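*Asks:* Next input, structure requested:
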Amino acid sequence: MKTFQRILWTISGHQHDIICETKVDNYRATIVGAILLMVGIYATLAWTFFFSLVMTSFFTAMVCGLFAGFFILLFDRALICSISYGQKNIWALSFRFTLALILGVFLSQPIILKLYEPDIKREAVILIDKKNQERRSELDKLYSTEVNNLKDRRTLIFNKLSEKQKQLITNEEAFMKEMDGSAGTGRWGYNTVSQKKESIYKKDLSEYEQLKKETEPDVKRIDARIDTIQTLINTQLSGFEKSTQNQGFLIQAEALQSLLIKDTTHILRNRYYLLMVILTLIELSALISKLILDTPSYSKRVGYILEKEMKETAMDKEIIFSKLNRYTELTLVRERIIVEEFFEKTNTTKDKKLDKIVDDWNASEEQTYHNTWGILNNKLIIHSDQHNHESRTQNQFDDEAQKS
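*Replies:* Just a heads-up that it's a prediction; the model follows:
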């Protein structure tokens, strides 16, 4: 029991070595930790259920649900820990309230779909039929131009054949009436006029048969293309109907929206809103319980520890800087003493070297005063590195000028 209680303290963001010393606050921290644990479990189950609707693998949905639940648990733990330390960030709390509201709205939809699954499926069938009709209309519209052109060509061919056939029938009747004497010249029998009308009839018959023979392949091609287009439309429509029979998440959401529009009693809408409020409150239950069940004793103990650590840090800083300042002072004193001793002990050597430089100048007839000063400057005068470099450069220039 003690181990489980420590786990709840850790989940709620309280340090168990401090919270265990408080008699009232540790009980409150246990309650907050238990609620926060339940919120984490709820978030894991809710998100696993949601991901199982949009994913085929339940293992992947479970992993995603565990990740989402663990994130919610850690985020709430961070907020509760900040409140326990007496630091209530209004922006962080506002963000958590907004996130809870969004998650409540987001997760309430798949839950309401599951609760009203029979009604949703019936409405989805109606929407699927409408979508199939819309798909057929789209396919007909897509191929309508080509089909209309083909039908116009076929109608034009049939009109030509019909006109030729009418002309043929007319000439045949004229020939037959001339033969029986009921029309034309009124003479019965196969006479000159009958022969002419017969030749006209035979000519029309030959032209009609020739036209029919020439247009028959075009008509067959047109009919074959129309049949091909119709088969293509039926194939695409059949594939579309098979794909919509699964009733995926989007079609279910559309069915829910359609039911909400048709719901004149507002029963479904009110339950939908009520479910969103419930899920939002469940998301915020741990945070609300922390705001209600405050732990002032724990907060003061933590404040004492933080103040103590800050003072210790400031004291350590003061000690370190004091040591550094004292070290600098003693170093300066020691270096001054060394420099004074150096100059004091090198006086004799300095006089000897100066005498030697002057003697070398007196002994040399070619050495100039400027060169002697350069030697003295390099060997006995203390100056910076830049000054040494300039002096050496000047001496080299003077030596080259003297040689030339």
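*Asks:* mind listing the helices for the stretch 51-200 of the chain?
*Replies:* Assigned by DSSP state H, counting those that start in this stretch, the helices in the stretch 51-200 of the chain fall at 58-84, 90-115, 117-180, 192-244.
*Asks:* Same question for the stretch 251-400 of the chain.
*Replies:* 267-292, 296-345, 347-363, 369-379, 385-403.
*Asks:* tell me the most buried of those helices?
*Replies:* Across the helices of the stretch 251-400 of the chain, averaging neighbours per residue (mean count of other C-beta atoms under 10 Å) puts helix 267-292 on top, at a mean of 17. Using the backbone N, CA and C atoms, a C-beta is placed for each residue, glycine as well.
*Asks:* how far off helix 90-115 does it point, in degrees?
*Replies:* With axes from the mean of the first three to the mean of the last three C-alpha atoms, to 10 degrees defining the directions, helix 267-292 sits at 140 degrees from helix 90-115.
*Asks:* Among the helices of the stretch 251-400 of the chain, which comes closest to L101?
*Replies:* helix 267-292 (5.3 Å; C-beta to C-beta).
*Asks:* between that closest one and helix 58-84, how many degrees?
*Replies:* Using the same axes, to 10 degrees, the direction of helix 267-292 lies 40 degrees away from that of helix 58-84.
*Asks:* from the middle of its chain, how far away would helix 267-292 be?
*Replies:* Relative to its parent chain, helix 267-292 has a centroid offset of 28 Å by C-alpha atoms, centre = their mean, to the nearest Å.
*Asks:* Dump the helices of the stretch 251-400 of the chain into TSV; add mean pLDDT and distance to I112 as well.
*Replies:* As requested, those are exported to TSV (pLDDT from 0 to 100; distance: least, C-beta to C-beta, whole Å):
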stretch	mean pLDDT	distance to I112
helix 267-292	82	5
helix 296-345	86	41
helix 347-363	81	102
helix 369-379	80	97
helix 385-403	53	84
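*Asks:* need those helices in a markdown table with distance to A253, can you?
*Replies:* Below are those laid out as a markdown table (distance: least, C-beta to C-beta, whole Å):
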| stretch | distance to A253 |
| --- | --- |
| helix 267-292 | 12 |
| helix 296-345 | 46 |
| helix 347-363 | 100 |
| helix 369-379 | 93 |
| helix 385-403 | 81 |
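*Asks:* Which of those sits closest to G40?
*Replies:* helix 267-292 (8.6 Å).
*Asks:* circling back: and D129, which of the helices of the stretch 251-400 of the chain is closest to it?
*Replies:* Across the helices of the stretch 251-400 of the chain, D129 has its closest neighbour in helix 267-292 (21.7 Å, C-beta to C-beta).
*Asks:* per-domain residue ranges of the protein.
*Replies:* 2-119+265-295, 124-254, 309-403 (automatic domain parsing).
*Asks:* how close does S162 get to E173?
*Replies:* As for S162, its distance to E173 is 17 Å (criterion: C-beta to C-beta, to the nearest Å).
*Asks:* For those two, indicate the residue with more neighbours.
*Replies:* Shown here are S162 and E173; by other C-beta atoms under 10 Å, E173 has more neighbours (13 against 10).
*Asks:* and the more buried one, what pLDDT?
*Replies:* Note on E173: pLDDT of 75.
*Asks:* Repeat that for the one 10 residues further on.
*Replies:* For A183, the model assigns a pLDDT of 60.
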